[in-house]
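Q: model this:
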Amino acid sequence: MMSSKHSLSALFTTFLKIGALTFGGGYAMMPVMRREVVDKKGWANDDDILKILVISETTPGVLAVNSATFIGYKIAGFKGSVAATLGVVLPSFVLIALISLFILQFKSLTWVNYAFMGLKGGVAVLIFRAGLRIARRIKRTWFALILFGLAFLIALFTSVSVIYILIAGGLIGLIRGYILYIKEAKQHVA
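A: The predicted structure follows:
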């Protein structure tokens, strides 16, 4: 929970800054969220962020909003989840509301199309860096490597939704964990 030196307004403004200054969606926001919440504020650690990312990815909704909600809840309970969620959503909401007023004129501007093409490259780099950071935190076992390889190949070469791949991976992990638990329990009994 949030200590007395932190406030809901600090949580809100931190996520407002993240929402206002990050382009490209949830995966592009994760490194920024991590830097703000772990490195700068010390509100969470890398393991917390990894767990929140997994939960955010497997629950319905937008990754950035889910992550902000779960991080806010971890830091300051329900009020923290509301503050973080509002902070991360507000910039996009305001921007979309403004753009909707001028969408036809805005869409036809050539320089806007070029700007978005450039942003796509930057977003790809942010997502790649976030993936590398997450990959460094994963325990490298044969099971994890095989599961990663299979998931990667299925996502790359089939039209199977990534959500189904995530659910299958989670179920396979649960089954494997249960089997290991049973084996360990039998060894302690014998």
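
Q: hang on, Val162 packs against Phe152?
A: No - with contact defined as C-beta atoms under 8 Å, Val162 does not reach Phe152; the gap is 10.8 Å. Where C-beta positions appear, they are placed from N, C-alpha and C, glycine not excepted.

Q: ok, and the closest non-adjacent residue to Leu11?
A: For Leu11, ignoring the flanking residues on the chain, the nearest one in space by C-beta to C-beta, 6 or more residues apart in numbering is Ala83 at 4.6 Å.

Q: Could I get the contacting residues of that neighbour?
A: For Ala83, the contacting residues are Leu8, Ser9, Leu11, Phe12, Phe15, Gly72, Ala76, by C-beta atoms under 8 Å, 6 or more residues apart in numbering.

Q: Show me the residue sitting in the middle of the chain in space.
A: Leu53 (4.4 Å; C-alpha atoms, centre = their mean).

Q: Counting by contacts, list what the helix or strand where it lies packs against.
A: Using DSSP states H and E, Leu53 maps to helix 46-58. With contacts taken as 3 or more C-beta pairs under 8 Å, 6 or more residues apart in numbering; DSSP states H and E, helix 46-58 sits against helix 26-34, helix 63-101, helix 110-137, helix 162-189.

Q: among those, which is nearest Gly19?
A: For Gly19, the closest of the helices and strands packed on helix 46-58 is helix 63-101, at 4.1 Å, according to C-beta to C-beta.

Q: tilt between the closest one and helix 26-34?
A: Per axes from the mean of the first three to the mean of the last three C-alpha atoms, to 10 degrees, the angle that helix 63-101 makes with helix 26-34 is 110 degrees.

Q: got the angle between helix 63-101 and helix 46-58?
A: Following the same axes, to 10 degrees, one obtains 60 degrees for the angle between helix 63-101 and helix 46-58.

Q: Helix 63-101: which residues count as buried?
A: 63-76, 80-89, 91-92 (16 or more other C-beta atoms under 10 Å).

Q: ditto for stretch 20-35
A: Applying 16+ other C-beta under 10 Å to stretch 20-35 flags Thr22, Gly24, Gly26, Tyr27, Ala28, Met29, Met30, Pro31, Val32, Met33, Arg34 as buried.

Q: Quickly check those residues for the two that are furthest apart.
A: Longest span within the buried residues of stretch 20-35, C-beta to C-beta: Gly24 and Arg34, 15.0 Å.

Q: By mean pLDDT, flag the weakest helix or strand of this structure.
A: Here the helix or strand of the chain ranked lowest by mean pLDDT, DSSP states H and E is helix 103-107, holding a mean of 68.

Q: roughly how far out does stretch 125-140 sit from the chain middle?
A: 12 Å (C-alpha atoms, centre = their mean, to the nearest Å).

Q: Please list the residues outside it that contact it.
A: So stretch 125-140 is contacted by Gly24, Tyr27, Ala28, Met30, Pro31, Arg34, Asp46, Asp47, Leu50, Leu53, Ala144, Phe148 (C-beta under 8 Å, 6+ apart).
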